[in-house]
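Peer 1: Need a 3D model of the following:
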Amino acid sequence: MRRVSDLLARQVAERPTALALEDSTGACLTYGELDAAAQDLADVLTGKGIGAGDRVMIVSENCAAAVAALFATWRIGAIAVPVNARQTAAELARVDAHAAPKAVFFTTQVSPDAANHSKIAQVGTAHLEPTTISGVSGELALHCPRGDSFAGDTDIAVLLYTTGTTGDPKGVMLTHANVCFGGRTSAELRGMTIDDLIYGVLPTTHVFGLCSVVVAAIHAGAPVRLVPRFVVADVFDALRDGITLFSAVPQMHALLMAHAKSLGETALGSDTLRYVSSGAAPLDPTWKREAEAFYGVAIQNGYGMTESTAGTAATRNIIGDPDTSVGPALPGIEIAIDDTVPGGEVLTRGPHVMKGYFRNPDETAKVLDDDGWLRTGDLGQIDAEGKLHILGRAKELIIHGGFNVFPPEVEAALNDHPDVVQAAVVGRVKNGDEEVLAFVQVPVGSALSEEDLRAFVKDRLAGYKRPARYVLATALPAAPTGKILKHKLIETFADHLN
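Peer 2: Numbers count the residues shown, from 1 in each chain. Have a look, this model is predicted:
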């Protein structure tokens, strides 16, 4: 498959009446209907003069309309710029200014935030018009012509703007070859078939949800149930209603287990769930055992990033395997460790590596070398079996008293406490040194105290690894994927820190 749109075309040719997508609006689209919806919007876009190399921003939460907009964009050779509608107007404005889209599509039917953004767009765009596309709807804002087209560079499929550890997002250029490779590899890793029903709660505006869920499912011909947001009670019920595959981040798993506990239940109790994966954050042995007991299936760990089209390494373990690595490199992918970087930086090369950062050659040169190696910014080790172990982010490494402190190790110790939902650890410069700060999410009504946690980690962590301060809260700042935004922790809880 040379282009992502070819994946849909193959399913239309072979199984046009098979279910492709269902969403929270009640839409249930077959592959033929999804194809028709994509064509309807493609016709609207071309009729407005939008074509190859132009950017189309899709402000959305998960729904059939968002997927149709993606395929419409790819069909005309344009570049999709998926953006989560839950971002603020200021955040969207920064993406809009940098990507310079000629059209912006809002999934107003499913997302109140997208509807609010569309109202704001009416002030600054040429015009805004409701656009119905074969039963799934949204609103299309047409900008006055601006920016350069990339008509000679039509291999770019998407621009994905990363959250970034510094809060300064960059537009990652993923090609059609990147996205097709990522989708196929994810489908094969999970053993997806037409008999599966995949739960799509990971945002399609993020590489994990886009490539490892939606594109992978269309590659395999497996239907996806799309939901706009992670609502723990809804997800808990849905996973007991025919779902066979569930990909999520550790924070989602932790909240599901806490929800079950609040109901007096210890297990999910699904008769159909066969594959559960976790990504975007490390696992620890205790948590992994608890999660496998909860789901009744093995928890497969994986590693990737936006710049590497989500997947770089993944496990294929049986239930009960104590392995907490992220597994070996996926087929066709190389991984190496740069030992000149303190802690050892993970490098990767292969068909999953991005083209570069959009309109940012200087930042591209910092992470991509002439031999195709991508510097991930993550610290890791490769064991004797070829499995990759992630130690943390290079920028998050804490040097306290001359010793290296890896936040995932401290977080794992805290997560062992039965009253901890999840923990995040960062460093803060103080008196010429870095102190270890722990931010701990606890259930509503919990009596857990800072003193309790100090006593709990005393025998689990060496003195230099123990947090100097603990902040306990019922919620931590998180991205739409559920991943904790570590760069916002100190700012968010400034009043709680000395």
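Peer 1: And the pLDDT for Phe150?
Peer 2: Phe150 carries a pLDDT value of 66.
Peer 1: where are the low-confidence patches of the stretch 51-200 of the chain?
Peer 2: The model of the stretch 51-200 of the chain has pLDDT under 70 over residues 122-153, 163-168.
Peer 1: how about the strands in it?
Peer 2: Chain-ordered strands for the stretch 51-200 of the chain, with DSSP state E, counting those that start in this stretch as the definition, fall at 55-60, 79-84, 103-106, 127-133, 136-142, 156-161, 171-175, 198-200.
Peer 1: surely Asp419 meets Gln441?
Peer 2: No: Asp419 lies out of contact with Gln441 (CB atoms under 8 Å); the separation is 10.2 Å. (C-beta placed from N, C-alpha, C; glycine too.)
Peer 1: Looking at those two, which one has more neighbours?
Peer 2: The residue with the greater number of neighbours, taking Asp419 and Gln441 and applying other CB atoms under 10 Å, is Gln441; the counts read 22 against 15.
Peer 1: Bridged to the more buried one, which residues?
Peer 2: For Gln441, the residues forming beta bridges with it (DSSP bridges) are Gln422, Ala473.
Peer 1: In contact with it, which residues?
Peer 2: Contacts were defined as CB atoms under 8 Å, 6 or more residues apart in numbering; by that measure Gln441 touches Val420, Val421, Gln422, Ala423, Ala473, Thr474, Ala475, Leu476.
Peer 1: Using neighbour counts, trim the residues you listed to the buried set.
Peer 2: Listed as buried from the contacts of Gln441 are Val420, Val421, Gln422, Ala423, Leu476; burial here means 16 or more other CB atoms under 10 Å.
Peer 1: Could you export those as CSV, including pLDDT?
Peer 2: Compiled in CSV, these are given as follows (pLDDT from 0 to 100):
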residue, pLDDT
Val420, 92
Val421, 90
Gln422, 90
Ala423, 93
Leu476, 93
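Peer 1: which of those residues lies closest to Leu245?
Peer 2: Looking at the buried ones among the contacts of Gln441 and their distance to Leu245, the nearest is Gln422, at 23.0 Å (CB to CB).
Peer 1: isn't that closest one right next to Leu256, touching?
Peer 2: No: checked against CB under 8 Å, the pair Gln422 and Leu256 is beyond contact range at 11.8 Å.
Peer 1: Break this protein down into its structural domains.
Peer 2: Per automatic domain parsing, the domain ranges recorded for the chain read 4-176, 230-393, 397-496.
Peer 1: Mean neighbour count, these: which tops it?
Peer 2: Per-residue neighbour counts averaged over each of the domains of the chain give the maximum for domain 4-176, namely a mean of 20 (mean count of other CB atoms under 10 Å).
Peer 1: quick one: terminal-to-terminal distance for it?
Peer 2: Start and end residues of domain 4-176 are separated by 6 Å (CA to CA, to the nearest Å).
Peer 1: Tell me the gap between that domain and the middle of its chain.
Peer 2: Here the centre of domain 4-176 is set off from its chain's centre by 18 Å, with CA atoms, centre = their mean, to the nearest Å.
Peer 1: swap in stretch 223-242?
Peer 2: In terms of CA atoms, centre = their mean, the gap separating the centre of stretch 223-242 from the centre of its chain is 17 Å.
Peer 1: How confident was the prediction at Tyr357?
Peer 2: On the pLDDT scale, Tyr357 gets 95.
Peer 1: circling back: distance to Phe106 for the buried ones among the contacts of Gln441 - can I get that in TSV?
Peer 2: Putting the buried ones among the contacts of Gln441 into TSV (distance: CB to CB, whole Å) gives the following:
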residue	distance to Phe106
Val420	38
Val421	33
Gln422	32
Ala423	36
Leu476	29
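Peer 1: just those now: which is nearest Asp40?
Peer 2: Out of those, the member with the shortest distance to Asp40 (by CB to CB) is Leu476, at 41.1 Å.
Peer 1: wait, doesn't that closest one sit right on Val426?
Peer 2: No: because the distance of 11.2 Å does not satisfy CB under 8 Å, Leu476 is recorded as not touching Val426.
Peer 1: Overlap of the contact sets of the two?
Peer 2: Counting by CB under 8 Å, 6+ apart, the shared contacts of Leu476 and Val426 are Phe439, Leu489.
Peer 1: Report the spatially nearest residue to Val444, omitting neighbours in sequence.
Peer 2: Sequence neighbours aside, Thr474 is the residue nearest to Val444 in space, at 5.2 Å (criterion: CB to CB, 6 or more residues apart in numbering).
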